[in-house]
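Undergrad: the following block contains a protein sequence and its predicted model.
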Amino acid sequence: MKQVERISGRAIPLGLKNVDTDVILPGPYLKTITRKGLGRVAFESIRAKPGNIFEELANQGANILIAGDNFGCGSSREHAVWAIMDMGIDAVIAPSFSDIFSGNAFKNGLLTVTLPQSTVDELLEEATKGPLIVDLADQSVSTEDNRSYAFEFDAFRKHCLLNGLDEVSLTLAQEDAIAAFESRSKLERPWLPAVA
């Protein structure tokens, strides 16, 4: 997993509430096991409407998405996170997230920032004016004119994202302790079959 520390760039001011995983990535695209190419079909029902927020010239190349309350609700599909990341989005800001979506985002390195609705409303306006900075180390979102908004973030998740640690990396960091346990286990329980 790549390290996440500071994300700077344009933000797409989506702002819609209750955007579920079917809207993020429709069911017919769930048959794939690859993460590549899902960005082109993400938010398909919204993108089908002329003049939609995703097609606006100012939002091209944006790497931050500002959403409404309860973002990522609905069925549990990791593919929704993959699609958002394949669009080039590195962080999503919203008043709240579905627990399952938030967990999937964390495990894939997508930063989810929770801020009060009033702050999100301000950021939706700011997104039309210029870039934002999402700083995980400082736990803040800043505007171009240096206004800053602090956010809470789980310490364990912060440590993992800042250091690019996924579940496999966390396990491998304990390689010496695991090897020591296996050596002791062979001596203490010689009747158990050896693990290859």
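TA: Cool, got the structure. Residues are numbered from 1 along each chain as shown.

Undergrad: residue boundaries of the strands in the chain?
TA: 6-9, 11-13, 64-66, 91-94, 111-114, 132-135, 140-143, 148-150 (DSSP state E).

Undergrad: buried sites along stretch 96-108?
TA: Going by neighbour count (16 or more other CB atoms under 10 Å), the buried part of stretch 96-108 is 96, 97, 98, 100, 101, 102, 103, 104, 105, 106. C-beta: built from backbone N, CA, C; applies to glycine.

Undergrad: could you give me the average pLDDT of that stretch?
TA: In this model, stretch 96-108 has a mean pLDDT of 97.

Undergrad: any idea how far residue 187 is from the closest residue to residue 166 other than its chain neighbours?
TA: Excluding the flanking residues, the one nearest residue 166 by CB to CB, 6 or more residues apart in numbering is residue 1, at 4.2 Å. Here residue 1 is placed at a distance of 36 Å from residue 187 (CB to CB, to the nearest Å).

Undergrad: cool, residue 175 as well?
TA: 19 Å.

Undergrad: now do the helices in the chain.
TA: 21-24, 44-47, 78-86, 99-108, 117-127, 155-163, 167-172, 175-188 (DSSP state H).

Undergrad: identify the residues contacting the fifth one?
TA: Looking back up the chat, that one is helix 117-127. 10-13, 15, 64, 66, 68-69, 93-95, 115, 132, 141, 143-144, 147, 149 (CB atoms under 8 Å, 6 or more residues apart in numbering).

Undergrad: for PyMOL, write a command that selects the buried ones of the residues you listed.
TA: Selecting only the buried entries of the contacts of helix 117-127 in PyMOL, with 16+ other CB under 10 Å as the criterion:
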select buried, resi 10+11+12+13+15+64+66+68+69+93+94+95+115+132+141+143+149
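
Undergrad: shaky segments in the protein?
TA: 195-196 (pLDDT under 70).

Undergrad: from residue 12, how far off is the most centrally placed residue in it?
TA: What sits nearest the mean C-alpha location of the chain, by CA atoms, centre = their mean, is residue 110, with 2.1 Å. Per CB to CB, residue 110 is found 14 Å from residue 12.

Undergrad: over to residue 42?
TA: Following CB to CB, the distance that separates residue 42 from residue 12 is 11 Å.

Undergrad: and for residue 165?
TA: Taking CB to CB, one finds residue 165 at 28 Å from residue 12.

Undergrad: and residue 170, by the same measure?
TA: 32 Å.

Undergrad: got it, and residue 180?
TA: Residue 180 is 49 Å from residue 12, where distance means CB to CB.

Undergrad: same thing with residue 152?
TA: On the measure of CB to CB, residue 152 and residue 12 end up 23 Å apart.

Undergrad: next one: residue 78
TA: Distance of residue 78 to residue 12, computed by CB to CB: 21 Å.

Undergrad: one more: residue 124?
TA: 10 Å.
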